[in-house]
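K.L.:
Generate a structure from the sequence data that follows.
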Amino acid sequence: MLLVLRRVLLFLAMVVLALAMIGLVLYGLVAAGLGTLVPLFLLMTLVYAWLADTYLRYRHARQQELLHVLATTTGIGLPLPAALRAYLHDRPKAWFYRFNVGMLLHIFVAPFYYFIWHKNRSFDTRIGRLADNIESGQKLSEALRETPALASADTRIAAVVGEESGQLAKSLRATSRPQFNSAWFELIPRLTYPLILLGAISLIVGYLLVYIIPRIQRIFLDFKQKTPDVLRWLVDGASWFVHFAWLLIPGLAVLLAIAILPCFSSRVRWYLPLVGRLYRWEIQGIVLRGLSQFIAVNRPATDALSLLAERTDLPAVVRDQLGRATRRVGRGEPLAPSLHAVGLLPGSMVPLVVTSERLNSLATTLAELGELQAGRAIRFARRASMILSILGILAVGGIVCFVVLAVFYPLVVLIGGQTP
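P.N.:
This next block holds a predicted model:
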């Protein structure tokens, strides 16, 4: 589940930016008198959103498929290049399949995109390159590092740890567990659904304010009746929003900066309140599982920590923390307090790790604690996403209720022939 939080934050930032751009384009179409193109534009937006979601899920599925091939092949001791080429041999290669892929990319991405870019950079082509690199003498971790699109950061770290500890198959199988890899596909829809609803409601409210509500106000003026308060509140709120609309762009820029900065800075993620806590749980699970595999083969703790800091694709702040822990253990300090001092082990788990060292069961304890911390991060992220999604839907529902009252209550007043 490494960097799941980064993916979610980055995707949310992209959704907010996309909604802002869609709003600007719709405003431009209406202002230019091309309102009839709005439905077509919205339809194309939905099509491209569906294509983006399909691409991300397809890429994730292919990475998982390749990970299962690597784990199974290393587990039974077969050569990896031959297994990868056999896997490629079973992939669809018919001209009809290539024609459909080419036409899809030609229409929805760019003209002749299949020949210009995709043909020599497809997933199958990269797998063939991976097999060639391994056959030429590279280790699996080195070959994956040269073709990073084939595997997630979790898989690349697991390959390094498995090769150094001699337990490559076990390390890869632990990474292929679906609850760690597919978590972000559960989080993103829950968090983006309220935003999409809010965007749709904003379009409807804008239409009502421009075309419907002025007519209702004119009817009340003709009947010489007072406009209901709820309708005036809606109009006043819309006027206030339009008056301060110039603040929308800098406000969105600040929100995007706040959302994007943790995506590209591991130090911000590490020290950011709440987000940093979740991120540290995730990192602690990875580090503890890696240490357990090294200690299981009687590697010294200093060697295990230094290997994790130097040979893996962990973020820079994590490598710095591992370096500090390595120096502490090298000076003779116990392992558990050293990991806790740099934020790689919760304080509540220190006594358990110290006891396991005395009972000579440190490897098993670290592995179980790593699974516990990784699962803790996933459970917290799922619960938080559910709560935020429910709160967002309730907020959007409140806005819809207010708009419905503001539009239909004046009609009820007119039909009843009396003012409130």
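K.L.:
Pop the domain breakdown of the chain in here.
P.N.:
Per automatic domain parsing, the structural domains of the chain span 1-33+182-420, 37-177.
K.L.:
In this protein, spot the helix with the most residues.
P.N.:
In the chain, assigned by DSSP state H, the helix with the most residues is helix 362-416.
K.L.:
now the domains of the chain as JSON lines including mean pLDDT and mean neighbour count?
P.N.:
All C-beta atoms are positioned from the backbone trio N, CA, C, and that covers glycine. Below are the domains of the chain laid out as JSON lines (pLDDT from 0 to 100; neighbours: other Cβ atoms under 10 Å):
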{"stretch": "domain 1-33+182-420", "mean pLDDT": "80", "mean neighbour count": "16"}
{"stretch": "domain 37-177", "mean pLDDT": "82", "mean neighbour count": "16"}
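K.L.:
can you tell me how far residue 123 sits from residue 341?
P.N.:
With the distance defined as Cβ to Cβ, to the nearest Å, residue 123 ends up 43 Å from residue 341.
K.L.:
Residue 99 too?
P.N.:
According to Cβ to Cβ, residue 99 and residue 341 sit 60 Å apart.
K.L.:
Same question for residue 63.
P.N.:
Note on residue 63: its distance to residue 341, by Cβ to Cβ, is 35 Å.
K.L.:
one step back: for the longest helix of the chain, the distance to its chain's centre please.
P.N.:
On the basis of Cα atoms, centre = their mean, to the nearest Å, helix 362-416 sits 17 Å off its chain's mean C-alpha point.
K.L.:
now for that helix, which elements pack on it?
P.N.:
The helices and strands touching helix 362-416, judged by 3 or more Cβ pairs under 8 Å, 6 or more residues apart in numbering; DSSP states H and E, are helix 4-31, helix 178-181, helix 183-207, helix 213-222, helix 229-243, helix 275-296, helix 350-358.
K.L.:
export these to TSV and tack on distance to residue 83?
P.N.:
Formatted as TSV, the helices and strands packed on helix 362-416 follow (distance: least, Cβ to Cβ, whole Å):
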stretch	distance to residue 83
helix 4-31	29
helix 178-181	21
helix 183-207	27
helix 213-222	66
helix 229-243	60
helix 275-296	23
helix 350-358	37
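K.L.:
what about those, which gets the closest to residue 119?
P.N.:
helix 4-31 (27.1 Å; Cβ to Cβ).
K.L.:
Tell me the first helix or strand C-terminal of the closest one.
P.N.:
Downstream of helix 4-31, the next assigned helix or strand under DSSP states H and E is helix 38-76.
K.L.:
what sits against the closest residue to residue 165 other than its chain neighbours?
P.N.:
With Cβ to Cβ, 6 or more residues apart in numbering as the criterion, residue 165 has its nearest non-adjacent residue at 4.3 Å, and that residue is residue 293. Residues in contact with residue 293 (Cβ atoms under 8 Å, 6 or more residues apart in numbering) are 161, 162, 165, 167, 170, 171, 363, 367.
K.L.:
can you tell me which of these are in strands?
P.N.:
Residues of the contacts of residue 293 located in strands (DSSP state E): none.
K.L.:
Identify the farthest-apart pair in those.
P.N.:
Pairwise distances across the contacts of residue 293 peak at 14.5 Å for 162 and 363 (criterion: Cβ to Cβ).
K.L.:
Just the element for residue 227, please.
P.N.:
Applying DSSP H and E, one finds residue 227 in no helix or strand.
K.L.:
which ones are touching the nearest residue to it once chain neighbours are set aside?
P.N.:
Excluding the flanking residues, the one nearest residue 227 by Cβ to Cβ, 6+ apart is residue 220, at 5.0 Å. Neighbouring residues of residue 220 by Cβ under 8 Å, 6+ apart: 226, 227, 410, 414.
K.L.:
What residues does the second one make contact with?
P.N.:
Read it as residue 227. 217, 220, 410.
K.L.:
Ok, residue 340 next?
P.N.:
Counting by Cβ under 8 Å, 6+ apart, residue 340 touches 346, 347, 350.
K.L.:
Can I get the residues you listed in JSON lines including distance to residue 58?
P.N.:
What follows is the contacts of residue 340, written out as JSON lines (distance: Cβ to Cβ, whole Å):
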{"residue": "346", "distance to residue 58": "37"}
{"residue": "347", "distance to residue 58": "42"}
{"residue": "350", "distance to residue 58": "43"}
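K.L.:
Mind picking the one among those residues that's closest to residue 399?
P.N.:
After measuring these against residue 399 - Cβ to Cβ - the closest member comes out as residue 346, at 40.7 Å.
K.L.:
from memory that closest one sits against residue 285, does it?
P.N.:
No. The pair residue 346 / residue 285 is not scored as a contact, 11.0 Å apart, by Cβ atoms under 8 Å.
K.L.:
Next, show the common contact partners of the two.
P.N.:
Joint contacts of residue 346 and residue 285 (Cβ under 8 Å, 6+ apart) are residue 373.
K.L.:
Could you measure from residue 390 over to residue 194?
P.N.:
Distance of residue 390 to residue 194, given as Cβ to Cβ: 9 Å.
K.L.:
Kindly report the same for residue 167.
P.N.:
44 Å.
K.L.:
Kindly report the same for residue 157.
P.N.:
Plainly put, residue 157 is 34 Å away from residue 194 if you go by Cβ to Cβ.
K.L.:
same check, this time on residue 271
P.N.:
Here residue 271 is placed at a distance of 28 Å from residue 194 (Cβ to Cβ).
K.L.:
repeat for residue 137
P.N.:
Counting by Cβ to Cβ, the separation of residue 137 from residue 194 is 52 Å.
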